[in-house]
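Asker: Task: produce atomic coordinates for the following.
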Amino acid sequence: MPKLNATTDHHPTAPLKVSAPSSRFTNPIWVSVSEAAKLGGVQTKTIRRAISGGLITYRIRGNRYLIDFGSLLNFLRSRTKLNNKLQKAGLGQYVETWID
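Answerer: Numbering: from 1, shown residues only. Below is the predicted model of the structure:
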């Protein structure tokens, strides 16, 4: 297993079909696993599965995962069940329309 340092970035192995909002910005927003779960209206184990499956971009700082917010939104919006949770229990309940 390769040794990871505190500034290692990890990107999804397969690109998502949804355009990445974070690619338009020079300073992406990084959130913790628990913050990502709250914002998405899902459980932390859903976020951890996405990390282990290589479905979202993340960093390791110390012993904590930091998740790219744009990558998180793309992941949640790319799956119907997760998108419904995002809209009903997550950040989506406060968003009138999403910009793609």
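Asker: Going by C-alpha atoms from here, please, whenever you check contacts or count neighbours.
Answerer: OK.
Asker: I figured residue 68 hits residue 51, correct?
Answerer: No - counting by CA atoms under 8 Å, residue 68 does not reach residue 51; the two are 11.0 Å apart.
Asker: Who has more neighbours out of the two?
Answerer: residue 68 (22 against 19; other CA atoms under 10 Å).
Asker: can you give me the strands for the protein?
Answerer: For the chain, applying DSSP state E gives strands covering 9-10, 30-32, 58-61, 64-68.
Asker: Not including adjacent chain positions, what is the nearest residue to residue 68?
Answerer: residue 30 (4.8 Å; CA to CA, 6 or more residues apart in numbering).
Asker: Now do the one you found against residue 84, distance only.
Answerer: 23 Å (CA to CA, to the nearest Å).
Asker: which residues touch the most centrally placed residue in the chain?
Answerer: Centroid-nearest residue in the chain: residue 72, 1.9 Å away (criterion: CA atoms, centre = their mean). Residues in contact with residue 72 (CA atoms under 8 Å, 6 or more residues apart in numbering) are 36, 56, 57.
Asker: Most neighbours among these, which one is it?
Answerer: Going by other CA under 10 Å, residue 56 tops the contacts of residue 72 with 28 neighbours.
Asker: Would you mind listing the buried residues in stretch 79-91?
Answerer: Neighbour counts using 16 or more other CA atoms under 10 Å place 82, 83, 84, 85, 86, 87, 89, 90 of stretch 79-91 among the buried residues.
Asker: again, but for stretch 48-60
Answerer: Quick answer for stretch 48-60 (16+ other CA under 10 Å): 48, 50, 51, 54, 55, 56, 57, 58, 59, 60.
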